[in-house]
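**Student:** what would the 3D arrangement of this be:
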Amino acid sequence: MPNHLPRARTGLLASAVAAALALTTAGPVAAAGAAPRPDVHVVAHLDITDGQRPENITLEPGGSAVVTFAYSRQVARIGRDGTVRVLATLPEPPAGSVTPALTQPFLGGVVRTGDGTLYFVYATGGSDLTGVWRLRPGGTPQRIAALPAGALPNGLALDREEHRLYVADSVLGTVWRVPVSGGTPVRWSTAPELAADGFLGANGIKVHDGAVWVSNLDRGTVLRIPVTGHGAAGRAETRAEDLVGIDDFAFTGRGDTLLAALNADNEVALVRADGTHTTVLTGADGIENPTSLAVRGTAAYVASGAYFTDEDPNLLAARVAPRE
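**Tutor:** Coordinates of the predicted model:
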């Protein structure tokens, strides 16, 4: 396997969307080893030798995407022409630090507010750096909320109406809540369904339709936790199962239908509101161990970390048109 693929300068994101594939539940899935479907477009091939393995993604109004590079501790913008600009590098932890479950420092979920401020989560195994971080436009990264040294903050979601952040902790089996202004995190939910079963539990997280939705990697599930009238966590319910190796996910905008990144199996699944699912993208389409997704309108963007293929981390675009 090659250990280096140069960055591709691959045209405008808008053009990529216009030429992208309509993901439908009735559409055929390419067979393993088949040529990629011509309407699936790779926006950018990333530089694996520079540690550019995207873990999470958020979209910007101008058509660019911001991603976290998990193990190089970097937040970066992928421009409309496919170029990569590093916006910030998080501090290296002291020698001897061991991140829970993953050993090395881990930069996870990222979200963006309307003024361009970025929030992201960082885990190092130390209480001095682990937590929620903020990067204002033109500024430098600052930690705004400390999480325990034994935590592994992974997914991050923004409640725009309530100005709150929700953090999925993969090791402590907890959803933390933090004001966007920062402060002391609250253990918002410790439902048993969030717990790990051997490796990592709560993973991806989204705020959607009056609830916090969380994926559990070990259990292959998607959970819905209602937000009560007082802002507390309601009872967790399992909305989808048998999603082996689910990482992050994103709602398509049509009710509770979502797209799920199945990392180790190298697939993206369309998960319907009734919990049934269909594979809609595979390695034959260019994804390489998808880690996260973002949807805007009819455009879906898939970030691939190539954690197992170890070949071509990338960002891919496709059109979303799922059936209900």
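
**Student:** what about Glu60, neighbour count?
**Tutor:** Residues near Glu60, counting by other C-beta atoms under 10 Å, number 17. In this view, the C-beta of every residue, glycine as well, is placed from N, C-alpha and C.

**Student:** ok, now how distant is it from Thr68?
**Tutor:** 14 Å (C-beta to C-beta, to the nearest Å).

**Student:** before we move on, what about Gly210?
**Tutor:** From Gly210 to Thr68 the distance is 27 Å (C-beta to C-beta).

**Student:** okay, the two: which has more neighbours?
**Tutor:** Thr68 (31 against 10).

**Student:** the more buried one sits in which helix or strand?
**Tutor:** Thr68 is part of strand 65-69 when elements are defined by DSSP states H and E.

**Student:** and the next helix or strand past the helix or strand hosting Val42?
**Tutor:** Here Val42, judged by DSSP H and E, is contained in strand 41-45. Using DSSP H and E, the helix or strand that follows strand 41-45 in sequence is strand 54-59.

**Student:** show me what that following strand is packed up against.
**Tutor:** strand 65-69, strand 106-112, strand 290-296, strand 299-304 (3 or more C-beta pairs under 8 Å, 6 or more residues apart in numbering; DSSP states H and E).

**Student:** pull the CA atoms of the first one into CSV?
**Tutor:** By that I understand strand 65-69. C-alpha atoms of strand 65-69 as CSV (Å, rounded to 0.1, in the frame of the first residue of the first chain):
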residue,chain,number,x,y,z
ALA,A,65,-15.4,22.5,5.6
VAL,A,66,-13.6,22.5,9.0
VAL,A,67,-12.2,19.2,10.2
THR,A,68,-10.3,17.9,13.2
PHE,A,69,-7.2,15.7,12.5
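
**Student:** neighbouring strands for that strand, and are they parallel or not?
**Tutor:** strand 54-59 (antiparallel), strand 74-78 (antiparallel) (DSSP bridges).

**Student:** and the angle from the last one to strand 299-304?
**Tutor:** Spelled out, it's strand 74-78. Going by axes from the mean of the first three to the mean of the last three C-alpha atoms, to 10 degrees, strand 74-78 is angled at 140 degrees with respect to strand 299-304.

**Student:** ok, residues contacting strand 74-78?
**Tutor:** 43-44, 51-52, 60, 64-69, 84-90, 107, 110, 118, 120, 135, 141, 315 (C-beta atoms under 8 Å, 6 or more residues apart in numbering).

**Student:** please pick the buried ones from these.
**Tutor:** 43-44, 52, 60, 64-69, 84, 87-88, 90, 107, 110, 118, 120, 135, 141, 315 (16 or more other C-beta atoms under 10 Å).

**Student:** neighbours of the closest residue to Asp159 other than its chain neighbours, just the number please.
**Tutor:** Distances taken as C-beta to C-beta, 6 or more residues apart in numbering place Val207 nearest to Asp159, at 4.6 Å, with adjacent residues excluded. The local packing of Val207 (other C-beta under 10 Å) involves 20 other residues.

**Student:** quick one: strands adjacent to the helix or strand containing Val207?
**Tutor:** Using DSSP H and E, Val207 falls within strand 202-208. Strand pairing for strand 202-208, determined by DSSP bridges: strand 211-216 (antiparallel).

**Student:** which SSE is Asn154 in?
**Tutor:** Using DSSP H and E, Asn154 falls in strand 153-159.

**Student:** quick check: what element follows that strand along the chain?
**Tutor:** strand 164-169.

**Student:** quick revisit: among the strands paired with strand 65-69, which is nearest Val244?
**Tutor:** strand 54-59 (19.2 Å; C-beta to C-beta).

**Student:** okay, the angle between the closest one and strand 41-45?
**Tutor:** 120 degrees.

**Student:** what bits of the stretch 151-300 of the chain have low per-residue confidence?
**Tutor:** Along the stretch 151-300 of the chain, segments meeting pLDDT under 70 span 254.

**Student:** how about stretch 176-183: buried residues?
**Tutor:** Buried-residue list, stretch 176-183, by 16+ other C-beta under 10 Å: Trp176, Arg177, Val178, Pro179, Val180, Gly182.

**Student:** just checking, which of those belong to strands?
**Tutor:** Under the assignment DSSP state E, those contribute Trp176, Arg177, Val178, Pro179 to strands.

**Student:** show me what the second one bridges to in the sheet.
**Tutor:** Listed by DSSP bridges, the beta-bridge partners for Arg177 are Tyr166, Val186.

**Student:** just Ala261 next, same as before
**Tutor:** Val268.
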